[in-house]
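>>> Have a look at this fold, sequence not included:
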């Protein structure tokens, strides 16, 4: 009881220094809270921003994968096929909820108005009922959201979309009706949109998957699937597993399999589908990991510098406060107070002040994190519960480090010399 009465009286003195300590902690904890709040949620935000890059996993038939790996060429003839009726299996794997979007593709040659055209069959915006009873909406409309589309997205079996270069060559535009002929089949379709992708796709005619299957005579077949999944950045375990999963120990294998690495999701896709090879699109997957790692590193460095600056500020303010109270401390020691009691008093005083500044800084940091989220990512930041104990620990460590110089001064202080004015 006497101890807390001393603390209460001490807090009423040197009000300006107490306010400066609280302000220092407020600024440091506010900036650190915002950085850590954003950093804990930045993975999902970066994934969302990089989704415009396209798929990060590509699924092809095993035959096509083997030929490509052996000869490093794209074969003009089909080397096996993916079964269309197995597409729903993508959502039944362990990490099925991490698969955001996917779209099948089948290329074929057809004749339109007497001239050869390369068709790409796909799902534009397909509702798919999976074996688990889940209904998902997916397709190329979600996978190619960077396309600059004039007109509308196709959403029916008789609607198609044409690349800008092909449309310019043929004079096609939204609303035009064309006849697609191939393999003895004729399909009357309507152009509803012209898109510009900035790639070879601008020379292709995108049609419903069933139309491409009909013109190629390949009912139920798919050439490849592009998959967009939320993944965890690769580490050493993921890289070892990507080379050879069977070489992992049982513990490492379980850790890898139950972590959303791009390689483990690819592995599970191969388990769920017949004779397919799922491989990461390394340009996308590696870019995601690098950007995420660098973003988190920058935020961590900023947070560390903020709290180091706060510790230096506290060190100066507390040391100055203790030096002004040196006679009071000397008297306490002369009356029998031990060093640990004196140190505990200074630490408690500073901690109480820091608590006030820390709580206010934490609340301000949450607001700053939301501002950063809306300005940078266009959406709010999800506050993780783990942030609270992390910030309590950081503030406590900051206060202790900041009080170290004053503790050293207190331990060296000689009561006789102080009370005699020396």
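Yep, it's here. Since this is a predicted model, take the numbers as computed values, not measurements. Numbers count the residues shown, from 1 in each chain.
>>> drop to CA atoms for contacts and neighbour counts, all remaining ones
OK.
>>> Could you chop this protein up by domain?
Per the record's domain assignment (automatic domain parsing), the chain is made up of the domains 2-48+289-419, 55-280.
>>> Excluding chain neighbours, what is closest to residue 31?
residue 365 (5.9 Å; Cα to Cα, 6 or more residues apart in numbering).
>>> re earlier: can you flag the weakest of the domains of the chain by average pLDDT?
The minimum mean pLDDT among the domains of the chain belongs to domain 2-48+289-419 (a mean of 77).
>>> what separates it from the chain centre, distance-wise?
What separates the centre of domain 2-48+289-419 from the centre of its chain is 29 Å, taken as Cα atoms, centre = their mean, to the nearest Å.
>>> which residues touch stretch 292-306?
By Cα atoms under 8 Å, 6 or more residues apart in numbering, the residues outside stretch 292-306 that reach it are 28, 29, 31, 32, 35, 36, 39, 42, 43, 46, 233.
>>> for the second one, what are its contacts?
Shown in contact with residue 29 (Cα under 8 Å, 6+ apart): 306, 307, 358, 361, 362, 365, 391, 395.
>>> what's the helix or strand for it?
For residue 29, the host element (DSSP states H and E) is helix 15-50.
>>> Tell me the first helix or strand C-terminal of that helix.
Heading C-terminal from helix 15-50, the first helix or strand you meet, by DSSP H and E, is strand 57-61.
>>> Report the strands that pair with that next one, each with its relative direction.
Strand 57-61 sits in its sheet next to strand 224-229 (antiparallel), strand 276-280 (antiparallel), going by DSSP bridges.
>>> can you put those strands in CSV and add distance to residue 238 and mean neighbour count?
Below are these laid out as CSV (distance: least, Cα to Cα, whole Å; neighbours: other Cα atoms under 10 Å):
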stretch, distance to residue 238, mean neighbour count
strand 224-229, 16, 23
strand 276-280, 12, 22
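>>> All the strands of the stretch 201-350 of the chain, in order from the start?
Counting by DSSP state E, counting those that start in this stretch, the segments of the stretch 201-350 of the chain that form strands are 205-208, 221-222, 224-229, 276-280.
>>> and residue 350, which of the ones you listed is closest to it?
In terms of Cα to Cα, the element of the strands of the stretch 201-350 of the chain nearest to residue 350 is strand 224-229, at 48.1 Å.
>>> From the chain's centre, how far out is the closest one? Work that out for me.
Centroid separation between strand 224-229 and its chain, computed with Cα atoms, centre = their mean, is 18 Å.
>>> Give me the contacts around it.
Here strand 224-229 makes contact (Cα under 8 Å, 6+ apart) with 51, 54-61, 81-82, 98-106, 143, 262.
>>> Quick one: buried ones out of those residues?
Buried members of the contacts of strand 224-229, scored by 16 or more other Cα atoms under 10 Å, are 51, 54-61, 81-82, 99-106, 143, 262.
>>> and residue 121, how far is that from residue 223?
Applying Cα to Cα, to the nearest Å, the value for residue 121 to residue 223 is 10 Å.
>>> so what sits against both of these two?
Here residue 121 and residue 223 have 104, 105, 106, 107 as joint contacts, going by Cα under 8 Å, 6+ apart.
>>> Could you pull out the helices in the stretch 51-200 of the chain for me?
Here the stretch 51-200 of the chain has its helices, by DSSP state H, counting those that start in this stretch, at 62-71, 140-143, 164-170.
>>> you'd agree the residue nearest to residue 31 is in a helix?
Yes - when DSSP: H, G, I helix; E, B strand; the rest coil is applied, residue 365 is found to be in a helix.
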